[in-house]
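A.B. asks: sequence unknown, structure follows:
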């Protein structure tokens, strides 16, 4: 399901766009043989932006898709949603 709240959608898109801009800058910095610490600092900024966007998406999913599935009487859908959350949480913590 898509993002349900417009502010959340705007915030996640903004974070993805900023990350994209930073990545383009990082590529340019590497091509120019810029100082490694400066490149790493930009890389950490991208990681932070992507983590923030991920949390926005996760929160929206939990509040809407997950919540609706858990309220339903469809046991297989409930289990599927729990497995999805566990899978994405494990991936995020690698």
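C.D. replies: Here it is on my side, so go on. Just so it is clear, the structure is predicted and the values come from calculations on it, not from any experiment. Numbering: from 1, shown residues only.
A.B. asks: average pLDDT for the strand or helix carrying residue 27, rounded please.
C.D. replies: Assigned by DSSP states H and E, residue 27 belongs to helix 6-31. Taken as a whole, helix 6-31 has a mean pLDDT of 95.
A.B. asks: any idea which helix or strand comes after that helix?
C.D. replies: Following helix 6-31 in sequence order, the next helix or strand is helix 36-61 (DSSP H and E).
A.B. asks: which secondary structure elements does that following helix contact?
C.D. replies: Identification of packing neighbours for helix 36-61 by 3 or more CB pairs under 8 Å, 6 or more residues apart in numbering; DSSP states H and E yields helix 6-31, helix 75-92. Backbone N, C-alpha and C define where each C-beta goes, glycine included.
A.B. asks: show me what counts as buried in it.
C.D. replies: Residues of helix 36-61 classed as buried: 39, 42, 45, 46, 49, 50, 52, 53, 56, 57, 60, 61 (neighbour count, 16 or more other CB atoms under 10 Å).
A.B. asks: nearest to residue 67, of the helices and strands packed on helix 36-61?
C.D. replies: Residue 67 lies closest to helix 75-92 among those, at 9.3 Å (CB to CB).
A.B. asks: packing partners of the closest one?
C.D. replies: Packed against helix 75-92 by the contact rule (3+ CB pairs under 8 Å, 6+ apart) you find helix 36-61, helix 67-71.
A.B. asks: just to revisit the earlier point, for the buried residues of helix 36-61, which one is nearest residue 6?
C.D. replies: residue 60 (11.1 Å).
A.B. asks: now that closest one: how far from residue 72?
C.D. replies: Residue 60 sits 18 Å away from residue 72, going by CB to CB, to the nearest Å.
A.B. asks: ok, residue 45 to residue 58 distance?
C.D. replies: The gap separating residue 45 from residue 58 is 20 Å, by CB to CB.
A.B. asks: ok, residue 45 touching residue 23?
C.D. replies: No: using CB atoms under 8 Å, residue 45 is not in contact with residue 23, being 9.9 Å away.
A.B. asks: got the contact list for the residue most central in space within the chain?
C.D. replies: The chain has residue 54 as the residue nearest its centroid, 1.9 Å off, counting by CA atoms, centre = their mean. Counting by CB atoms under 8 Å, 6 or more residues apart in numbering, residue 54 touches residue 92.
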